[in-house]
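Asks: here's a sequence, model it:
(one chain, ligands or ions: 2)
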Amino acid sequence: MSAYASVKFVTSAAEAHQLAPDSGREIAFAGRSNSGKSTAINALTARSGLARVSRTPGRTQLINFFELAPERRLVDLPGYGYAKVPERVRHKWLELMEHYFNVRESLVGLILIVDSRRGFGAQDVAMLEWVLARDRHAHVLLSKADKLNRRESQRVLQETKSACADTAVTVQLFSARAKQGLDVAREVMDKWLNST
Ligand SMILES: Nc1nc2c(ncn2[C@@H]2O[C@H](COP(=O)(O)OP(=O)(O)OP(=O)(O)O)[C@@H](O)[C@H]2O)c(=O)[nH]1
Ligand SMILES: [Mg+2]
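Replies: Ligands and ions are numbered 1, 2, ... in the order given. Predicted coordinates:
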């Protein structure tokens, strides 16, 4: 059964003025292009077609808002780091992200999706610093963990935890395909969305 029985798509924003109303609480999903953000949202909400999964990296250039319950949202942010994206698109991404993180009062936390085969990149670290500087929570999903064996996945988990050791950032292994780590991630999200 879906943990969020009545989840639904709300709106897409390509421009700053198109963001969903800034009330209640929301959690944003960010990460490199193709890291598995949309797939994670679908797995966590147990709704396979909710967020669009792309075969072409860098396709999602929109901020997509989903409603879990009244005044409770998940936000699928456009990915970064795809080499073939033209400079104009990269610039627009930066502008839109800066606006989003600067104005968004309902943002309570960031779920950062990092491909477990790659580990942290410079932009992932920059994204975390950005969010922590704004006093929001952050949690890292090391995605596609089904692609690694146990020894490899434990290694990337420990390395990532060490990189976050001086911060309040939490880290876990995650696989949408193997349904690994769903409950842990949902617990984090529920805490952020519902704590008083
Ligand atoms: N093996 C495996 N593949 C995954 C998993 N999660 C996502 N993928 C694959 O990774 C690719 C990218 O997934 P998306 O969810 O579209 O990634 P995204 O981060 O939303 O990508 P953009 O929107 O383009 O930035 C797809 O081919 C997915 O099927 C996983 O847990 N395991
Ligand atoms: Mg996506």
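
Asks: going forward, measure contacts and count neighbours with C-alpha atoms only.
Replies: OK.

Asks: got the confidence number for residue 39?
Replies: You'll see residue 39 listed with a pLDDT of 94.

Asks: tally of neighbours for it?
Replies: 24 (other Cα atoms under 10 Å).

Asks: helices or strands up against the helix or strand hosting it?
Replies: Element membership of residue 39, judged by DSSP states H and E, is helix 37-45. Applying 3 or more Cα pairs under 8 Å, 6 or more residues apart in numbering; DSSP states H and E, one finds that helix 37-45 makes contact with strand 25-31, strand 72-76, helix 182-194.

Asks: ok, which of these comes nearest residue 103?
Replies: Residue 103 lies closest to strand 25-31 among these, at 13.0 Å (Cα to Cα).

Asks: contacts only, for residue 153.
Replies: 116, 145, 173 (Cα atoms under 8 Å, 6 or more residues apart in numbering).

Asks: next up, the contacts around residue 187.
Replies: Counted by Cα under 8 Å, 6+ apart, residue 187 has zero contacts.

Asks: from ligand 1, how far out is it?
Replies: 18 Å (Cα to the nearest ligand atom, to the nearest Å).

Asks: show the pLDDT at that residue.
Replies: Residue 187 is given a pLDDT of 97.

Asks: tell me which element the residue in the chain sticking out farthest from the centre is part of?
Replies: Residue farthest from the centre of the chain, counting by Cα atoms, centre = their mean, is residue 151 at 25.3 Å. Under the criterion of DSSP H and E, residue 151 resides in helix 150-163.

Asks: returning to that earlier point: quick one: the residue farthest from the centre of the chain and ligand 1, what's the gap?
Replies: Distance from residue 151 to ligand 1, by Cα to the nearest ligand atom: 17 Å.

Asks: what about residue 96, neighbour count?
Replies: Neighbours of residue 96 (other Cα under 10 Å): 22.
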